[in-house]
Structure formats: C-alpha cells, structure tokens
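Enquirer: model the structure of this input:
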Amino acid sequence: MKLVEIKNWSDERLITQNEPSRNGYNAMIVEELFERIKHGILNKDVYQEVDAICDVSVFAVGEIYKYGANAQDLLGYGDIKEWLHNKNNVLIQHLKENNIEYTSRIIYYLGEFLESQDDNGRVDAMINMIIDSYKTLYDISFDADKCMDEVMKELNSRTGAYSEETKKWQKFKTPEAQALWYTADFSDCWI
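Expert: Numbering: from 1, shown residues only. Purely as a prediction, here's the structure:
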C-alpha cells in the first residue's frame with residue numbers, strides 16, 4: 001500500500017482541501033484510540049485493534065497534506081515495508097524502551113501536536129504517529145501493507161458526498177449504500 005493511495009482517497013473526498021483543524025484532528029485520533037481500547041483490547045478483538053491503528057495512520061497521512069507537506073517525501077515512496085524499517089525514530093524507541101504502550105505513545109504525539117507553535121512541529125508529530133502505528137502493526141505480527149490494503153477497500157466502498165454545512169465528506173447511510181459497504185478483513189494479514 002502506497003501513501004499516495006490515502007492522499008488520492010482524501011483528495012476525492014475534498015478532505016485535503018480543507019483547512020487544518022487542530023481540534024478536529026485531535027478529536028478523530030482520540031476517537032480511534034477509544035475504539036482501539038473499547039472494541040479491541042477490552043473485547044480481546046485484535047482485528048478491531050488493528051483497524052483502529054490503521055485509522056490513526058489514515059487520519060495522520062491525510063492531515064499532513066492539509067499542511068502543504070507531502071507524506072511520501074517525508075516518509076517514503078513505495079509500499080510501507082520498503083521504507084518503514086529505514087525509519088529509526090529515537091523518540092519512538094525511547095518511549096518503547098520505557099514501556100510506554102501504543103495508546104499512550106499516540107497521546108504523547110498528540111500532546112506534541114497540540115503544543116507545537118508551527119506547522120513543522122505538527123507535521124513531525126503526525127509522522128511519529130504514522131511510523132509508530134505501522135511499526136506497531138508489525139510488532140503485533142500484522143503486515144502493515146496488507147492491513148492498509150484492507151482498510152482502503154473498506155474506505156473506498158463507502159459512497160457519499162462533501163457537505164458544505166459540516167465541511168466534511170459524509171458517507172451515505174441509506175440501506176442501498178450500506179449494502180455496498182465492505183468491512184476490512186484482517187484474517188489474511190498476519191505475518
């Protein structure tokens with residue numbers, strides 16, 4: 001899975017054309033962390049956990065483009081496995097060595113994002129979220145590329161339209177639209 005796929009999906013839904021929203025981004029990430037804990041960890045459903053981790057990365061990649069940065073230039077071209085292991089992030093390693101769990105690490109990066117006085121600092125925080133999310137998938141024995149392929153299938157199965165009122169792309173929730181919805185299947189994504 002290439003990061004440009006997330007950008008293309010975001011462009012088609014006019015997401016990347018929106019102004020960055022500090023609070024909106026924060027709310028989306030917190031919602032995914034909540035889902036990871038509630039549906040993944042507490043229910044012992046590793047696939048729900050994987051879904052939430054992937055969604056954190058989708059939001060972060062999409063948001064980077066709102067700041068005028070190119071996620072591929074900052075992270076890597078090609079499939080995730082082609083560039084991820086070349087990203088040796090000292091902060092991520094330090095947090096892991098101190099037994100800081102994934103959700104807490106993402107909260108830490110959110111704090112960095114919120115405290116940043118400039119766009120470069122915000123983008124750096126999002127880069128940490130993306131790298132940590134994909135490395136975490138590998139840590140729990142999932143292939144990040146395969147997982148993201150499944151997430152993109154699910155996202156692309158949702159039809160909808162951009163709402164001027166909410167300034168967001170809204171998925172259609174009619175029975176006909178829901179009949180077309182695909183749910184990511186991570187069962188073949190194990191390493």
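
Enquirer: residue ranges for the helices of the chain, please.
Expert: 3-12, 22-35, 46-66, 71-74, 80-83, 90-97, 102-115, 119-139, 144-156, 175-179 (DSSP state H).

Enquirer: most tightly surrounded among the ones you listed?
Expert: helix 46-66 (a mean of 23; mean count of other Cβ atoms under 10 Å). The C-beta positions use only the backbone N, C-alpha and C, and glycine is treated the same way.

Enquirer: which elements pack onto that one?
Expert: Packing contacts for helix 46-66, counted by 3 or more Cβ pairs under 8 Å, 6 or more residues apart in numbering; DSSP states H and E, involve helix 3-12, helix 22-35, helix 71-74, helix 119-139, helix 144-156.

Enquirer: now the angle between helix 46-66 and the longest one, please.
Expert: Pointing back at helix 119-139 there. Angle between the axes of helix 119-139 and helix 46-66 is 160 degrees (criterion: axes from the mean of the first three to the mean of the last three Cα atoms, to 10 degrees).

Enquirer: so what touches helix 119-139?
Expert: 20, 22, 29, 50, 53-54, 56-57, 60-61, 63-64, 67-69, 71, 74-75, 80, 84, 87, 89, 91-92, 102, 105-106, 109-110, 112-113, 115-116, 143-144, 147, 191 (Cβ atoms under 8 Å, 6 or more residues apart in numbering).

Enquirer: one more pass at 6 Å, please.
Expert: 53, 56-57, 60, 63-64, 67, 69, 74, 80, 84, 87, 89, 92, 102, 105-106, 109, 112-113, 116, 144, 147 (Cβ atoms under 6 Å, 6 or more residues apart in numbering).

Enquirer: give me the nearest residue to the residue nearest the centre of the chain, chain neighbours excluded.
Expert: When Cα atoms, centre = their mean is applied to the chain, the residue found nearest the centroid is S57 (1.7 Å). Setting aside the residues directly before and after it, S57 is nearest to S133 in space (Cβ to Cβ, 6 or more residues apart in numbering), at 4.3 Å.

Enquirer: any idea how far N26 is from the one you found?
Expert: Distance of S133 to N26, given as Cβ to Cβ, to the nearest Å: 16 Å.
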